[in-house]
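K.L.:
Next one to model:
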Amino acid sequence: MSTSIRKVRTSDLELKDRLVAIKRVTKVTKGGRTFSFSAIVVVGDENGIVGYGLGKANEVTTAISKGIEDAKKNLVKVPIFNGTIPHEQSAKYSGARVFIKPASHGTGVKAGGAMRAVLESVGVTDVLAKSKGSSNPHNLVKATMAALLELRDAYTVAQHRGVSLKKVFNG
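P.N.:
Residues are numbered from 1 along each chain as shown. Now for the predicted structure:
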């Protein structure tokens, strides 16, 4: 199944950033150990637009700001319907597998860690989510983004099939 990536312009968007994970990484040289930081950040407008980025630097704040700049360059549009997703979807990235399922109003975001940050940034308020396999935050964020990118709303399905919106639901 081919998915179309929907890029978004960053001008006149009010983006909120969430720090998913920060790691101290070590490089061993002949002069000793050199420490630096790696940060994964998710940005979104909480209205269907989300992106993630990775920043690396010698200081924590610099790594986070680099991650935010990278995330702003990778924004995508995700279909959201009444605060939830249009249908259930699963995706995999490396060892991380994710499963997201729409939930009724009032359920909340039932997801953990890295998945929660992505789903809240995109603006989903009611969803059930499960991560299986690796709990590596980098891979979880990428798997969650892959699942969100595969989502299609009814209008897109109707356009793709070349039929009316009514025919999508009535078969």
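K.L.:
so where's this structure shaky on pLDDT?
P.N.:
Scanning the chain for pLDDT under 70 picks out the ranges 1-12, 171.
K.L.:
let's see 90
P.N.:
Per-residue confidence for the chain (pLDDT under 90) gives these ranges: 1-14, 46, 81-83, 112-113, 152-171.
K.L.:
Let me see the ranges of the strands in it.
P.N.:
In the chain, the strands defined using DSSP state E lie at 16-29, 32-44, 49-57, 76-77, 89-93, 96-102, 109-110, 127-133.
K.L.:
and of these, who's closest to Leu149?
P.N.:
Relative to Leu149, the nearest member of the strands of the chain by Cβ to Cβ is strand 76-77, separated by 6.3 Å. C-beta: built from backbone N, CA, C; applies to glycine.
K.L.:
before we move on, back to that, let me have the strands of the chain in CSV, extended by distance to Lys167 and mean neighbour count.
P.N.:
Putting the strands of the chain into CSV (distance: least, Cβ to Cβ, whole Å; neighbours: other Cβ atoms under 10 Å) gives the following:
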stretch, distance to Lys167, mean neighbour count
strand 16-29, 39, 13
strand 32-44, 33, 19
strand 49-57, 30, 22
strand 76-77, 25, 17
strand 89-93, 23, 18
strand 96-102, 22, 21
strand 109-110, 33, 18
strand 127-133, 28, 18
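K.L.:
Those: which one's closest to Thr144?
P.N.:
Between Thr144 and these, the tightest spacing by Cβ to Cβ is seen for strand 96-102, at 5.3 Å.
K.L.:
just checking, what packs against that closest one?
P.N.:
Contacts of strand 96-102 with other secondary structure elements, assessed using 3 or more Cβ pairs under 8 Å, 6 or more residues apart in numbering; DSSP states H and E, are made with strand 89-93, helix 113-122, strand 127-133, helix 137-149.
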